[in-house]
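Asks: Predicted structure and sequence below. I'll ask about it afterward.
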Amino acid sequence: MKKHAVLIILISLLVFSPDAFAAEKKKNSADTFRLLHLFGDVFEQVRAKYVESPSDQELIEAAITGMLTSLDPHSSYLSAKNFREMQVQTRGEFGGLGIEVTMDNGLVKVVSPIDDTPAHKAGIEPGDLISHLDGKPIVGMTLSQAVEKMRGKVGSDIILTVRRAGKEPFDVTITRAVIKIRSVRSRLEDKIGYIRITTFNEQADKGVKKALNKFKKEIGDKLQGIVLDLRNNPGGLLDQSVSVSDIFLDKGEIVSTRSRKEGDTQRFNARKGDLAKGLPMVVLINGGSASASEIVAGALQDHRRAIVLGTKSFGKGSVQTIFPLSGHGAMRLTTARYYTPSGRSIQAVGIEPDIKVELAKIEAVTTGSNRRESDLRGALDNTDKNQNDGNKKDTDKNSSKDKSTTNDNKAKAKKPVEDYQLSRALDLLRGLDLLAKRDRPQIN
(Lines give C-alpha, C1' and ligand atoms only; values in the text may rest on other atoms or scores of the structure.)
Protein backbone atom coordinates (compact mmCIF):
# COMPACT_ATOMS: atom_id res chain seq x y z
CA MET A 1 0.00 0.00 0.00
CA LYS A 2 2.80 2.40 0.85
CA LYS A 3 4.43 1.74 -2.52
CA HIS A 4 1.20 2.58 -4.33
CA ALA A 5 0.77 5.71 -2.20
CA VAL A 6 4.20 6.94 -3.25
CA LEU A 7 3.37 6.31 -6.90
CA ILE A 8 0.07 8.16 -6.63
CA ILE A 9 1.79 11.19 -5.07
CA LEU A 10 4.50 11.29 -7.74
CA ILE A 11 2.04 10.86 -10.60
CA SER A 12 -0.19 13.57 -9.15
CA LEU A 13 2.74 15.96 -9.01
CA LEU A 14 3.66 15.13 -12.59
CA VAL A 15 0.24 15.25 -14.21
CA PHE A 16 -1.73 17.77 -12.22
CA SER A 17 0.83 20.43 -11.29
CA PRO A 18 -0.37 23.49 -13.24
CA ASP A 19 3.06 25.15 -13.25
CA ALA A 20 5.38 22.30 -14.09
CA PHE A 21 3.95 20.21 -16.90
CA ALA A 22 0.73 21.83 -18.18
CA ALA A 23 2.30 22.55 -21.59
CA GLU A 24 3.22 18.90 -22.14
CA LYS A 25 -0.44 17.74 -21.93
CA LYS A 26 0.42 14.23 -20.80
CA LYS A 27 2.91 13.73 -23.62
CA ASN A 28 4.65 10.39 -23.32
CA SER A 29 2.51 9.62 -20.28
CA ALA A 30 2.88 5.86 -20.77
CA ASP A 31 6.68 6.04 -20.62
CA THR A 32 6.51 8.41 -17.69
CA PHE A 33 4.22 6.09 -15.76
CA ARG A 34 6.56 3.17 -16.47
CA LEU A 35 9.56 5.10 -15.16
CA LEU A 36 7.68 6.23 -12.08
CA HIS A 37 6.73 2.62 -11.47
CA LEU A 38 10.43 1.77 -11.68
CA PHE A 39 11.13 4.41 -9.05
CA GLY A 40 8.41 2.96 -6.86
CA ASP A 41 9.93 -0.51 -7.16
CA VAL A 42 13.38 0.72 -6.15
CA PHE A 43 11.94 2.77 -3.30
CA GLU A 44 10.06 -0.23 -1.93
CA GLN A 45 13.06 -2.57 -2.25
CA VAL A 46 15.29 -0.13 -0.35
CA ARG A 47 12.69 0.36 2.38
CA ALA A 48 12.23 -3.37 2.81
CA LYS A 49 15.71 -4.82 2.35
CA TYR A 50 18.41 -2.20 3.06
CA VAL A 51 20.75 -3.24 5.87
CA GLU A 52 19.48 -0.38 8.02
CA SER A 53 16.09 1.29 8.18
CA PRO A 54 16.14 4.67 6.41
CA SER A 55 13.17 6.98 6.82
CA ASP A 56 10.87 7.68 3.90
CA GLN A 57 11.79 11.37 4.12
CA GLU A 58 15.49 10.60 3.82
CA LEU A 59 14.93 8.44 0.76
CA ILE A 60 12.65 10.89 -1.03
CA GLU A 61 14.87 13.89 -0.30
CA ALA A 62 17.91 11.94 -1.47
CA ALA A 63 16.10 11.05 -4.70
CA ILE A 64 15.16 14.70 -5.28
CA THR A 65 18.72 15.79 -4.53
CA GLY A 66 20.11 13.29 -7.02
CA MET A 67 17.63 14.37 -9.69
CA LEU A 68 18.51 18.05 -9.36
CA THR A 69 22.28 17.75 -8.96
CA SER A 70 22.44 15.53 -12.05
CA LEU A 71 21.18 18.43 -14.18
CA ASP A 72 24.02 20.92 -13.65
CA PRO A 73 26.37 22.08 -10.88
CA HIS A 74 24.05 24.84 -9.67
CA SER A 75 20.67 23.11 -9.33
CA SER A 76 20.04 21.62 -5.91
CA TYR A 77 17.50 20.73 -3.24
CA LEU A 78 17.33 22.88 -0.11
CA SER A 79 15.94 21.38 3.07
CA ALA A 80 13.70 23.61 5.16
CA LYS A 81 16.68 24.47 7.36
CA ASN A 82 18.99 25.27 4.45
CA PHE A 83 16.27 27.32 2.78
CA ARG A 84 15.91 29.48 5.88
CA GLU A 85 19.69 29.91 6.04
CA MET A 86 19.81 30.90 2.36
CA GLN A 87 17.21 33.60 2.98
CA VAL A 88 19.31 34.96 5.83
CA GLN A 89 22.42 34.93 3.63
CA THR A 90 20.86 36.98 0.84
CA ARG A 91 19.88 39.58 3.43
CA GLY A 92 23.57 40.01 4.21
CA GLU A 93 24.14 38.09 7.45
CA PHE A 94 24.69 34.42 8.18
CA GLY A 95 26.70 32.10 10.38
CA GLY A 96 29.66 30.10 9.09
CA LEU A 97 33.17 30.38 7.67
CA GLY A 98 32.72 32.94 4.92
CA ILE A 99 33.40 31.07 1.67
CA GLU A 100 31.39 30.75 -1.54
CA VAL A 101 31.65 27.17 -2.75
CA THR A 102 30.51 24.79 -5.44
CA MET A 103 30.90 21.04 -6.03
CA ASP A 104 33.66 19.74 -8.30
CA ASN A 105 34.19 16.02 -8.88
CA GLY A 106 32.97 15.08 -5.44
CA LEU A 107 34.97 17.74 -3.57
CA VAL A 108 34.00 21.20 -2.37
CA LYS A 109 35.63 23.86 -4.54
CA VAL A 110 36.16 27.37 -3.23
CA VAL A 111 34.86 29.95 -5.70
CA SER A 112 35.87 32.82 -3.46
CA PRO A 113 36.47 33.62 0.21
CA ILE A 114 34.48 36.61 1.46
CA ASP A 115 36.59 39.54 2.64
CA ASP A 116 37.30 39.85 6.37
CA THR A 117 35.75 36.50 7.30
CA PRO A 118 37.38 33.58 9.17
CA ALA A 119 38.07 31.72 5.90
CA HIS A 120 39.67 34.78 4.31
CA LYS A 121 41.85 35.43 7.37
CA ALA A 122 42.87 31.74 7.44
CA GLY A 123 44.28 32.03 3.90
CA ILE A 124 41.65 30.07 1.96
CA GLU A 125 41.98 30.94 -1.74
CA PRO A 126 39.84 30.71 -4.90
CA GLY A 127 40.31 27.32 -6.53
CA ASP A 128 41.11 25.49 -3.28
CA LEU A 129 39.55 22.03 -3.04
CA ILE A 130 38.29 20.89 0.36
CA SER A 131 38.47 17.13 0.71
CA HIS A 132 37.79 16.53 4.44
CA LEU A 133 35.87 18.20 7.24
CA ASP A 134 37.18 17.40 10.72
CA GLY A 135 38.98 14.44 9.19
CA LYS A 136 35.89 12.99 7.51
CA PRO A 137 35.89 12.76 3.69
CA ILE A 138 33.50 14.92 1.69
CA VAL A 139 33.20 12.39 -1.13
CA GLY A 140 29.65 11.07 -1.06
CA MET A 141 28.16 14.25 0.41
CA THR A 142 26.01 16.71 -1.51
CA LEU A 143 27.00 20.35 -1.58
CA SER A 144 24.20 21.20 0.85
CA GLN A 145 25.35 18.52 3.28
CA ALA A 146 28.95 19.75 3.16
CA VAL A 147 27.88 23.36 3.67
CA GLU A 148 25.70 22.36 6.61
CA LYS A 149 28.67 20.64 8.26
CA MET A 150 30.85 23.70 7.75
CA ARG A 151 28.29 25.79 9.58
CA GLY A 152 27.74 25.48 13.29
CA LYS A 153 27.87 27.17 16.65
CA VAL A 154 29.63 30.52 16.66
CA GLY A 155 33.04 30.18 18.31
CA SER A 156 33.44 26.48 17.53
CA ASP A 157 36.33 25.22 15.39
CA ILE A 158 36.38 23.10 12.26
CA ILE A 159 39.36 21.56 10.47
CA LEU A 160 39.39 21.77 6.67
CA THR A 161 41.71 19.56 4.64
CA VAL A 162 42.73 21.63 1.62
CA ARG A 163 44.19 20.54 -1.70
CA ARG A 164 46.13 23.17 -3.61
CA ALA A 165 48.17 22.54 -6.77
CA GLY A 166 51.88 22.38 -6.13
CA LYS A 167 51.42 21.59 -2.45
CA GLU A 168 50.73 18.56 -0.34
CA PRO A 169 47.23 18.49 1.22
CA PHE A 170 47.21 20.48 4.43
CA ASP A 171 44.83 21.18 7.31
CA VAL A 172 43.44 24.58 8.24
CA THR A 173 41.64 25.17 11.54
CA ILE A 174 38.97 27.87 11.27
CA THR A 175 36.79 29.27 14.05
CA ARG A 176 33.17 29.77 13.03
CA ALA A 177 31.73 33.26 13.38
CA VAL A 178 28.65 35.29 12.57
CA ILE A 179 29.32 36.47 9.04
CA LYS A 180 28.09 40.00 8.56
CA ILE A 181 28.66 40.87 4.97
CA ARG A 182 29.56 44.45 4.27
CA SER A 183 29.16 43.99 0.57
CA VAL A 184 30.58 47.36 -0.52
CA ARG A 185 33.82 49.02 0.58
CA SER A 186 35.16 52.27 -0.80
CA ARG A 187 37.97 54.76 -0.47
CA LEU A 188 39.71 57.51 -2.40
CA GLU A 189 42.99 56.77 -4.16
CA ASP A 190 44.17 60.36 -4.50
CA LYS A 191 41.48 61.74 -6.82
CA ILE A 192 40.11 58.40 -8.01
CA GLY A 193 37.21 56.66 -6.30
CA TYR A 194 37.73 52.98 -5.52
CA ILE A 195 34.63 50.81 -4.95
CA ARG A 196 34.85 47.10 -4.15
CA ILE A 197 31.76 44.89 -4.19
CA THR A 198 32.37 41.57 -2.44
CA THR A 199 28.94 40.03 -3.07
CA PHE A 200 25.64 41.10 -4.59
CA ASN A 201 23.32 40.87 -1.60
CA GLU A 202 20.33 43.10 -0.98
CA GLN A 203 22.52 45.98 0.17
CA ALA A 204 24.87 46.19 -2.82
CA ASP A 205 23.24 49.01 -4.81
CA LYS A 206 22.72 51.11 -1.68
CA GLY A 207 26.39 50.68 -0.80
CA VAL A 208 27.54 51.86 -4.23
CA LYS A 209 25.31 54.94 -4.11
CA LYS A 210 26.59 55.73 -0.63
CA ALA A 211 30.18 55.47 -1.87
CA LEU A 212 29.54 57.86 -4.77
CA ASN A 213 27.91 60.37 -2.43
CA LYS A 214 30.91 60.11 -0.12
CA PHE A 215 33.33 60.83 -2.99
CA LYS A 216 31.25 63.84 -4.06
CA LYS A 217 31.19 65.17 -0.52
CA GLU A 218 34.94 64.75 -0.01
CA ILE A 219 36.39 66.08 -3.29
CA GLY A 220 33.43 67.14 -5.44
CA ASP A 221 34.28 67.91 -9.08
CA LYS A 222 37.94 66.95 -8.59
CA LEU A 223 37.06 63.26 -8.91
CA GLN A 224 38.98 61.92 -11.95
CA GLY A 225 37.44 58.47 -12.35
CA ILE A 226 36.13 55.32 -10.67
CA VAL A 227 37.55 51.84 -10.21
CA LEU A 228 34.86 49.18 -9.67
CA ASP A 229 36.55 46.12 -8.20
CA LEU A 230 34.65 42.86 -8.83
CA ARG A 231 37.58 40.49 -8.35
CA ASN A 232 36.74 37.32 -6.43
CA ASN A 233 33.08 38.38 -6.29
CA PRO A 234 31.08 35.14 -6.64
CA GLY A 235 27.82 36.87 -7.58
CA GLY A 236 24.46 36.98 -5.85
CA LEU A 237 21.09 38.47 -6.70
CA LEU A 238 20.20 39.20 -10.32
CA ASP A 239 18.20 42.31 -9.47
CA GLN A 240 21.18 43.74 -7.60
CA SER A 241 23.50 43.27 -10.59
CA VAL A 242 20.93 45.13 -12.68
CA SER A 243 20.62 47.93 -10.11
CA VAL A 244 24.39 48.38 -9.81
CA SER A 245 24.79 48.48 -13.60
CA ASP A 246 21.96 51.01 -13.82
CA ILE A 247 23.83 53.36 -11.48
CA PHE A 248 26.51 53.88 -14.16
CA LEU A 249 24.35 53.69 -17.31
CA ASP A 250 22.05 56.31 -18.80
CA LYS A 251 20.13 54.10 -21.21
CA GLY A 252 20.09 50.76 -23.00
CA GLU A 253 19.79 47.10 -22.13
CA ILE A 254 21.69 45.76 -19.14
CA VAL A 255 21.06 42.03 -19.47
CA SER A 256 18.53 39.62 -20.92
CA THR A 257 17.57 36.18 -19.67
CA ARG A 258 16.40 33.47 -22.03
CA SER A 259 14.79 30.25 -20.89
CA ARG A 260 13.50 27.20 -22.72
CA LYS A 261 10.35 29.00 -23.86
CA GLU A 262 10.87 31.98 -26.14
CA GLY A 263 7.96 33.82 -24.55
CA ASP A 264 9.72 33.82 -21.18
CA THR A 265 12.61 36.02 -22.34
CA GLN A 266 13.17 38.98 -20.02
CA ARG A 267 15.06 42.17 -20.76
CA PHE A 268 16.32 44.59 -18.13
CA ASN A 269 16.99 48.17 -19.22
CA ALA A 270 18.78 51.10 -17.65
CA ARG A 271 16.87 54.13 -16.50
CA LYS A 272 17.96 57.64 -17.36
CA GLY A 273 20.57 59.07 -15.02
CA ASP A 274 24.23 58.09 -14.72
CA LEU A 275 25.04 58.85 -11.09
CA ALA A 276 28.76 58.93 -11.91
CA LYS A 277 28.16 61.69 -14.51
CA GLY A 278 30.10 59.89 -17.24
CA LEU A 279 33.39 59.79 -15.34
CA PRO A 280 35.94 57.34 -16.80
CA MET A 281 35.65 53.86 -15.26
CA VAL A 282 37.73 50.72 -14.95
CA VAL A 283 36.17 47.43 -13.87
CA LEU A 284 38.54 44.87 -12.33
CA ILE A 285 37.76 41.16 -12.82
CA ASN A 286 39.56 37.84 -12.40
CA GLY A 287 38.87 34.12 -12.33
CA GLY A 288 36.87 34.50 -9.12
CA SER A 289 34.42 36.98 -10.67
CA ALA A 290 31.24 35.06 -11.38
CA SER A 291 27.53 35.35 -12.17
CA ALA A 292 26.22 38.80 -11.11
CA SER A 293 29.76 40.19 -11.36
CA GLU A 294 29.90 39.10 -14.98
CA ILE A 295 26.53 40.71 -15.68
CA VAL A 296 27.84 44.08 -14.47
CA ALA A 297 31.21 43.75 -16.22
CA GLY A 298 29.56 42.61 -19.47
CA ALA A 299 26.98 45.42 -19.46
CA LEU A 300 29.51 48.18 -18.81
CA GLN A 301 31.88 46.66 -21.36
CA ASP A 302 29.28 46.34 -24.12
CA HIS A 303 28.07 49.92 -23.61
CA ARG A 304 31.71 51.09 -23.64
CA ARG A 305 30.99 52.72 -20.32
CA ALA A 306 34.02 51.15 -18.66
CA ILE A 307 37.31 49.50 -19.52
CA VAL A 308 37.45 45.96 -18.16
CA LEU A 309 40.89 45.10 -16.82
CA GLY A 310 42.39 41.99 -15.23
CA THR A 311 42.01 38.34 -16.24
CA LYS A 312 39.16 36.28 -17.66
CA SER A 313 36.15 35.78 -15.39
CA PHE A 314 34.67 32.50 -14.13
CA GLY A 315 32.02 31.98 -16.82
CA LYS A 316 28.79 31.31 -14.92
CA GLY A 317 26.11 32.54 -17.30
CA SER A 318 23.08 30.73 -15.91
CA VAL A 319 20.18 31.94 -13.79
CA GLN A 320 18.89 29.97 -10.81
CA THR A 321 15.33 30.40 -9.55
CA ILE A 322 14.27 29.37 -6.05
CA PHE A 323 10.98 27.47 -5.92
CA PRO A 324 9.61 27.04 -2.36
CA LEU A 325 8.17 23.59 -1.72
CA SER A 326 5.33 23.90 0.78
CA GLY A 327 6.59 22.65 4.11
CA HIS A 328 9.60 20.94 2.53
CA GLY A 329 12.20 23.59 1.86
CA ALA A 330 12.85 24.65 -1.71
CA MET A 331 14.63 23.73 -4.90
CA ARG A 332 17.20 25.84 -6.69
CA LEU A 333 16.70 25.23 -10.40
CA THR A 334 18.60 26.59 -13.37
CA THR A 335 15.88 28.22 -15.45
CA ALA A 336 17.65 30.47 -17.95
CA ARG A 337 20.89 31.72 -19.44
CA TYR A 338 21.73 35.39 -19.38
CA TYR A 339 23.12 37.46 -22.23
CA THR A 340 25.03 40.74 -22.26
CA PRO A 341 23.57 43.73 -24.18
CA SER A 342 25.42 42.75 -27.37
CA GLY A 343 23.89 39.27 -27.20
CA ARG A 344 26.90 37.43 -25.77
CA SER A 345 26.39 34.41 -23.59
CA ILE A 346 29.31 33.99 -21.24
CA GLN A 347 28.24 30.54 -19.98
CA ALA A 348 31.38 28.39 -19.66
CA VAL A 349 33.28 31.11 -21.56
CA GLY A 350 33.64 34.11 -19.27
CA ILE A 351 34.22 37.80 -19.83
CA GLU A 352 37.50 38.61 -21.57
CA PRO A 353 39.03 41.83 -20.22
CA ASP A 354 39.71 44.69 -22.61
CA ILE A 355 43.18 44.94 -21.10
CA LYS A 356 44.67 41.74 -19.75
CA VAL A 357 46.79 42.35 -16.66
CA GLU A 358 48.28 39.54 -14.62
CA LEU A 359 49.65 40.11 -11.15
CA ALA A 360 53.32 40.92 -10.79
CA LYS A 361 55.62 37.90 -10.52
CA ILE A 362 56.44 38.66 -6.89
CA GLU A 363 52.71 38.40 -6.12
CA ALA A 364 51.75 35.40 -8.20
CA VAL A 365 51.10 32.14 -6.34
CA THR A 366 49.67 28.80 -7.37
CA THR A 367 46.00 29.02 -6.41
CA GLY A 368 45.40 25.32 -6.71
CA SER A 369 43.32 25.18 -9.84
CA ASN A 370 42.87 26.56 -13.34
CA ARG A 371 39.28 25.35 -13.28
CA ARG A 372 36.34 27.55 -14.18
CA GLU A 373 32.65 27.01 -14.87
CA SER A 374 33.46 25.14 -18.09
CA ASP A 375 35.44 22.55 -16.13
CA LEU A 376 32.67 21.72 -13.65
CA ARG A 377 31.05 18.35 -14.17
CA GLY A 378 27.63 18.75 -15.79
CA ALA A 379 28.12 22.45 -16.62
CA LEU A 380 25.68 23.84 -19.18
CA ASP A 381 27.02 24.27 -22.72
CA ASN A 382 27.30 27.70 -24.30
CA THR A 383 24.68 27.66 -27.06
CA ASP A 384 25.70 30.99 -28.57
CA LYS A 385 27.02 30.15 -32.04
CA ASN A 386 28.27 33.71 -32.58
CA GLN A 387 30.92 33.74 -29.90
CA ASN A 388 34.19 35.09 -31.23
CA ASP A 389 37.28 32.95 -30.98
CA GLY A 390 38.77 35.25 -28.40
CA ASN A 391 36.04 34.30 -25.96
CA LYS A 392 36.23 30.59 -26.69
CA LYS A 393 39.85 29.96 -25.87
CA ASP A 394 41.91 30.84 -22.89
CA THR A 395 45.40 30.96 -24.35
CA ASP A 396 47.00 31.83 -21.03
CA LYS A 397 47.35 28.70 -18.98
CA ASN A 398 48.19 30.72 -15.93
CA SER A 399 45.19 33.05 -16.08
CA SER A 400 43.75 31.87 -12.80
CA LYS A 401 46.81 32.94 -10.81
CA ASP A 402 45.08 36.01 -9.51
CA LYS A 403 45.63 35.82 -5.77
CA SER A 404 48.19 38.14 -4.23
CA THR A 405 50.43 37.26 -1.32
CA THR A 406 52.96 39.00 0.86
CA ASN A 407 56.66 39.13 0.01
CA ASP A 408 58.69 36.65 2.07
CA ASN A 409 61.69 38.93 2.05
CA LYS A 410 62.19 39.88 5.71
CA ALA A 411 63.62 43.24 4.74
CA LYS A 412 60.26 44.12 3.19
CA ALA A 413 58.01 42.31 5.65
CA LYS A 414 56.42 45.50 6.95
CA LYS A 415 55.80 46.94 3.50
CA PRO A 416 52.36 46.02 2.05
CA VAL A 417 52.46 44.24 -1.29
CA GLU A 418 51.34 46.41 -4.17
CA ASP A 419 48.05 45.48 -5.82
CA TYR A 420 49.46 45.40 -9.36
CA GLN A 421 46.11 45.23 -11.17
CA LEU A 422 44.68 48.12 -9.15
CA SER A 423 47.83 50.15 -9.78
CA ARG A 424 47.48 49.69 -13.52
CA ALA A 425 43.80 50.72 -13.32
CA LEU A 426 44.71 53.89 -11.44
CA ASP A 427 47.47 54.68 -13.95
CA LEU A 428 45.01 54.23 -16.80
CA LEU A 429 42.44 56.59 -15.29
CA ARG A 430 45.08 59.21 -14.52
CA GLY A 431 46.29 58.98 -18.11
CA LEU A 432 42.77 59.43 -19.46
CA ASP A 433 42.27 62.46 -17.24
CA LEU A 434 45.57 63.94 -18.46
CA LEU A 435 44.59 63.43 -22.10
CA ALA A 436 41.20 65.02 -21.48
CA LYS A 437 42.89 68.09 -20.01
CA ARG A 438 45.22 68.38 -23.01
CA ASP A 439 42.26 68.28 -25.39
CA ARG A 440 40.58 71.22 -23.65
CA PRO A 441 40.92 74.62 -25.39
CA GLN A 442 43.85 76.68 -24.12
CA ILE A 443 43.54 80.38 -23.31
CA ASN A 444 46.47 82.48 -24.61
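Replies: Thanks, I have the structure now. Numbering: from 1, shown residues only.
Asks: so how far does stretch 247-264 reach from one end to the other?
Replies: Using CA to CA, to the nearest Å, the end-to-end distance of stretch 247-264 comes to 26 Å.
Asks: that's a strand at residue 433, yeah?
Replies: No: Residue 433 is assigned helix when assessed by DSSP: H, G, I helix; E, B strand; the rest coil, not a strand.
Asks: which residues touch the residue lying closest to it once chain neighbours are set aside?
Replies: Sequence neighbours aside, residue 224 is the residue nearest to residue 433 in space, at 4.3 Å (criterion: CB to CB, 6 or more residues apart in numbering). C-betas here are computed from N, CA, C, even on glycine. Under the criterion of CB atoms under 8 Å, 6 or more residues apart in numbering, the neighbours of residue 224 are 191, 192, 279, 280, 429, 430, 433.
Asks: which ones among those are found in strands?
Replies: residue 192 (DSSP state E).
Asks: Which two among the contacts of residue 224 are spaced furthest apart?
Replies: Put simply, by CB to CB the two of those set farthest apart are 279 and 430, 12.7 Å from each other.
Asks: related to what we said a few turns ago, and the least confident of the contacts of residue 224?
Replies: When the contacts of residue 224 are sorted by pLDDT, the bottom entry is residue 433 at 91.
Asks: and the closest residue in space to residue 54 that isn't next to it in sequence, how many neighbours?
Replies: Distances taken as CB to CB, 6+ apart place residue 46 nearest to residue 54, at 7.0 Å, with adjacent residues excluded. By other CB atoms under 10 Å, the residues close to residue 46 number 13.
Asks: sorry, back to before: ok, the contacts of residue 224 vs residue 184, which is closest?
Replies: Nearest to residue 184, judged by CB to CB, of the contacts of residue 224 is residue 192 at 16.6 Å.
Asks: Surely the closest one and residue 222 touch.
Replies: No: in this structure residue 192 lies outside contact range of residue 222 using CB atoms under 8 Å: 10.3 Å.
Asks: Which one's more surrounded, these two?
Replies: Shown here are residue 192 and residue 222; by other CB under 10 Å, residue 192 has more neighbours (24 against 10).
Asks: who's the more buried one bridged to?
Replies: When assigned by DSSP bridges, residue 192 has beta-bridge partners residue 189, residue 225.
Asks: This structure: helices as residue ranges?
Replies: Counting by DSSP state H, the chain has helices at residues 2-16, 29-49, 56-69, 80-90, 118-121, 143-150, 204-219, 238-248, 292-302, 389-392, 420-439.
Asks: Of all those helices, which one comes closest to residue 270?
Replies: helix 238-248 (4.8 Å).
Asks: Could you check what's spatially nearest to residue 97, not counting adjacent residues?
Replies: That would be residue 119: by CB to CB, 6+ apart, it lies 4.4 Å from residue 97.
Asks: tell me, how many neighbours does that neighbour end up with?
Replies: Residue 119 has 25 neighbours, counted by other CB under 10 Å.
Asks: show me the contacts for it.
Replies: Counting by CB under 8 Å, 6+ apart, residue 119 touches 97, 98, 99, 110, 113, 174.
Asks: Pick the one among the residues you listed closest to residue 137.
Replies: residue 110 (17.1 Å).
Asks: Distance of the closest one relative to residue 72?
Replies: Plainly put, residue 110 is 19 Å away from residue 72 if you go by CB to CB, to the nearest Å.
Asks: try residue 237
Replies: Applying CB to CB, the value for residue 237 to residue 72 is 19 Å.
Asks: Check residue 45 too.
Replies: Counting by CB to CB, the gap from residue 45 to residue 72 is 29 Å.
Asks: Is it correct that the residue nearest to residue 54 is in contact with residue 52?
Replies: No: counting by CB under 8 Å, residue 46 does not reach residue 52; the two are 10.3 Å apart.
Asks: still on that earlier bit, give the intersection of the neighbour lists for residue 279 and residue 430.
Replies: Shared contacts of residue 279 and residue 430, defined by CB under 8 Å, 6+ apart, comprise 224, 225.
Asks: List the contacts of residue 378.
Replies: Taking CB under 8 Å, 6+ apart, one finds 69, 70, 71, 72, 73 in contact with residue 378.
Asks: Of the residues you listed, which one scores lowest on pLDDT?
Replies: residue 73 (91).
Asks: In space, what's closest to that one - neighbours in sequence excluded?
Replies: Among residues not flanking residue 73 along the chain, residue 376 sits closest, at 4.4 Å (CB to CB, 6+ apart).
Asks: Specify the residue ranges that define each domain of the chain.
Replies: According to automatic domain parsing, the chain comprises the domains 2-78, 93-180, 184-435.
Asks: I'd like to check the angle between whichever strand in the chain runs longest and helix 292-302, please.
Replies: For the chain, the longest strand by residue count, based on DSSP E, is strand 330-339. Counting by axes from the mean of the first three to the mean of the last three CA atoms, to 10 degrees, strand 330-339 lies at 20 degrees to helix 292-302.
Asks: And strand 330-339, what does it pack against?
Replies: In terms of contacts (3 or more CB pairs under 8 Å, 6 or more residues apart in numbering; DSSP states H and E), strand 330-339 is packed against helix 56-69, strand 76-78, strand 253-258, strand 318-324.
Asks: so how many other residues sit close to the residue lying closest to residue 69 once chain neighbours are set aside?
Replies: Ranked by CB to CB, 6+ apart and with sequence neighbours excluded, the top spatial neighbour of residue 69 is residue 76, at 5.9 Å. Neighbour count for residue 76, taken as other CB under 10 Å: 23.
Asks: so what's residue 76 up against?
Replies: Going by CB under 8 Å, 6+ apart, residue 76 touches 65, 68, 69, 142, 143, 144, 331, 332.
Asks: And the last one, how far from residue 183?
Replies: This means residue 332. From residue 332 across to residue 183, the span is 21 Å (CB to CB).
Asks: which one of the two has more residues nearby?
Replies: Neighbours were counted for residue 332 and for residue 183 using other CB under 10 Å; residue 183 has more, 23 against 19.
Asks: List the residues that contact the more buried one.
Replies: By CB under 8 Å, 6+ apart, the contact set of residue 183 is 92, 197, 198, 199, 200, 201, 203, 204, 207.
Asks: Next one: it, what pLDDT does it get?
Replies: 89.
Asks: try residue 308
Replies: 98.
Asks: Distance check, it against residue 250.
Replies: For residue 308, the distance to residue 250 - CB to CB - is 19 Å.
Asks: which of these two has more neighbours?
Replies: Using other CB under 10 Å, the more surrounded residue of residue 308 and residue 250 is residue 308, with 23 against 15.
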